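Asker: sequence-free structure coming up:
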């Protein structure tokens, strides 16, 4: 693992943000729109559903946490697509850069995106709705870690599919994360899901994070230890599986000559 | 010949039912410029991709700097570089930013000095702060060549590097390549569809057709082998009658 090569790839992405309004919009625009839309819906619901305590906190907390998962996935798959679109992918892999170093660079870039988007969203939630995201407490750290790992896993798996299936599969970079939303218990508890989906939700680490977040808010910041352990453990398993998939796919595409056709 | 820079033995690549490269053997010596010639689909680009470890062969052995490519990829690629008409540098970055990224990837010392020197040689100094997306095709090709020389490679793989250059810049590029070959014993494996250019720059050429080496030798020897007037004439004979020769 070489630090200078990882730094080189990170700098390559940082340069993009210097002058690209579209990419800056990606960081600020969507979080802002999400927060406005869902925030006002939340206020509306809070007004009429007074029998549901902490509803505003549930939804705003869920919104920010979901965005962390989404940014984490996009930080991997969209950054990868940047190289595909600009036909730079071969130049990178014709250098001594290792696939593992490339993945670490993408992970670092996704953390960079999360930090910006998370800060913007937390600040806006506080300004517009007087919601302090950090009141969730110390549980936030493992919850966020779990969501970031799951986002990386989805992003790396998406990248593997695009390498294997070609650019036709790039739509997955935007769609595949949303596939997890209905079974992640983001805006409602797992208990409202039909039995079949409940089973699936139990295999999705994000569902433990969102259930845990609601438990912490309800109990005034008490540590949701069980949810936390399950979320972290499952996310680690998915991340490991995604890395194995990528390693295998990278070998297969080199054998089939598909690596050199990416971006053509 | 001393230990060859590239030594390829029995190199074979099959894509489903198509044999793109068929038991190819060749060597490239230190400071030698070797051309891969052949019609489209002859296997030239596939050979270059296999030499870079981007495509894995079905059979055969590739040794570069006397090291097995399978086990020493990183060490080898640190001393190799590549330029292709089919790749580009990130279009949102400026010329200087793009080259800085690759200078870091190859751990080049005195990066800014190195970049300034290359930009001067390829006439890009005035455009160094221009984004790649705003460059002409010729400027992009020259930028690709700057990238290919950023790490002072011992081996350069060039896939149709001058195809979009005007005759003046193409000539300057060939002169520059010959000069650095002489100065540093740089070895170059070169593909081009410009036969005049191949005659001018290559010490030896390999004539490929449907993945096989039909002939190899100096440009004159290959022309004589095909009983042509020049390489272009030989190329047309191979492209049109290659199957009869096999």
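Answerer: Cool, the structure landed. These numbers come from a predicted model, not from an experiment.

Asker: Could I get the buried residue list for stretch A:106-126?
Answerer: By 16 or more other Cβ atoms under 10 Å in any protein chain shown, the buried positions in stretch A:106-126 come out as A:106-110, A:112-114, A:116-118, A:120-122, A:124-125. To be clear about C-beta, it is placed using only N, CA and C from the backbone, and glycine gets the same treatment.

Asker: Return the closest of those with respect to chain B.
Answerer: Nearest to chain B, judged by Cβ to the nearest Cβ, of the buried residues of stretch A:106-126 is residue A:109 at 13.4 Å.

Asker: so that closest one sits right up against residue A:10, yeah?
Answerer: Yes - with contact defined as Cβ atoms under 8 Å, residue A:109 reaches residue A:10; the gap is 6.3 Å.

Asker: Show me what stretch A:238-254 is in contact with.
Answerer: A:99, A:103, A:149-150, A:152-157, A:159-160, A:163-164, A:205, A:258-259, A:262, B:53-56 (Cβ atoms under 8 Å, 6 or more residues apart in numbering or on different chains).

Asker: Equivalent analysis for stretch B:53-61, please.
Answerer: A:90, A:93-94, A:251, A:254-255, A:257, A:259-260, B:7-14, B:21, B:23-24, B:46, B:49-50, B:68-69, B:73, B:77.

Asker: Any stretches of the chain with poor pLDDT?
Answerer: Going with chain A. By pLDDT under 70, the weakly predicted segments of chain A are A:19-26, A:29, A:33, A:36-37, A:40-41, A:43-44, A:46-53, A:221-223, A:263-264.

Asker: Sorry, I should have been clearer: chain B.
Answerer: Checking chain B against pLDDT under 70 turns up B:1, B:241-246.

Asker: Closest residue of it to chain A?
Answerer: Among all residues of chain B, residue B:104 sits closest to chain A, at 3.3 Å; criterion: Cβ to the nearest Cβ.

Asker: Let me see the contact set for that residue.
Answerer: A:4, A:5, A:7, A:8, A:11, B:111.

Asker: Who are the packing partners of the strand or helix carrying the fourth one?
Answerer: Read it as residue A:8. Per DSSP states H and E: residue A:8 is located in helix A:3-19. With contacts taken as 3 or more Cβ pairs under 8 Å, 6 or more residues apart in numbering or on different chains; DSSP states H and E, helix A:3-19 sits against helix A:21-48, helix A:55-85, helix A:99-129, helix B:95-105.

Asker: Show me which parts of it are buried, residue by residue.
Answerer: Buried residues in helix A:3-19 (16+ other Cβ under 10 Å): A:5, A:6, A:8, A:9, A:10, A:12, A:13, A:15, A:16, A:17.

Asker: Run through who's touching that helix.
Answerer: A:23-24, A:27, A:79, A:82, A:92, A:95-98, A:101-102, A:104-106, A:108-109, A:112, B:90, B:92-94, B:97, B:100-102, B:104-105, B:107, B:131.

Asker: same thing with stretch B:176-191?
Answerer: Counting by Cβ under 8 Å, 6+ apart, residues outside stretch B:176-191 touching it are B:5-6, B:28-37, B:44-45, B:48, B:51, B:121-122, B:149, B:152-161, B:198, B:201-202.

Asker: now stretch A:89-104
Answerer: With Cβ under 8 Å, 6+ apart as the criterion, stretch A:89-104 contacts A:1-2, A:5-6, A:9, A:76, A:83, A:156, A:243, A:246-247, A:250, A:259-260, A:262-263, B:52, B:54, B:73-75, B:77-78, B:80-82, B:84, B:86-89, B:102, B:105-106, B:147.

Asker: got the end-to-end distance for that stretch?
Answerer: Across stretch A:89-104, the terminal residues are separated by 16 Å (Cα to Cα, to the nearest Å).

Asker: Over to stretch A:76-92?
Answerer: Termini of stretch A:76-92 sit 16 Å apart (Cα to Cα).

Asker: From the centroid of chain B, which residue is nearest?
Answerer: Nearest to the geometric centre of chain B sits residue B:158, at 1.9 Å (Cα atoms, centre = their mean).

Asker: which one's the longest helix in chain B?
Answerer: helix B:167-184 (DSSP state H).

Asker: chain center to that helix: distance?
Answerer: Relative to the chain's own centre, helix B:167-184 is displaced by 14 Å; criterion: Cα atoms, centre = their mean, to the nearest Å.

Asker: same question, stretch B:219-239
Answerer: For stretch B:219-239, the distance to the chain centre is 21 Å (Cα atoms, centre = their mean).

Asker: Stretch B:153-160 too?
Answerer: Per Cα atoms, centre = their mean, the centroid offset for stretch B:153-160 relative to its chain is 4 Å.

Asker: Give me the contact list for it.
Answerer: Against stretch B:153-160 from outside (Cβ under 8 Å, 6+ apart): B:5-6, B:28, B:30, B:44-45, B:48, B:51-52, B:64-65, B:79-86, B:148-149, B:177, B:184-193.

Asker: still on that earlier bit, buried set for the longest helix of chain B?
Answerer: B:169, B:170, B:172, B:173, B:174, B:177, B:180, B:181.
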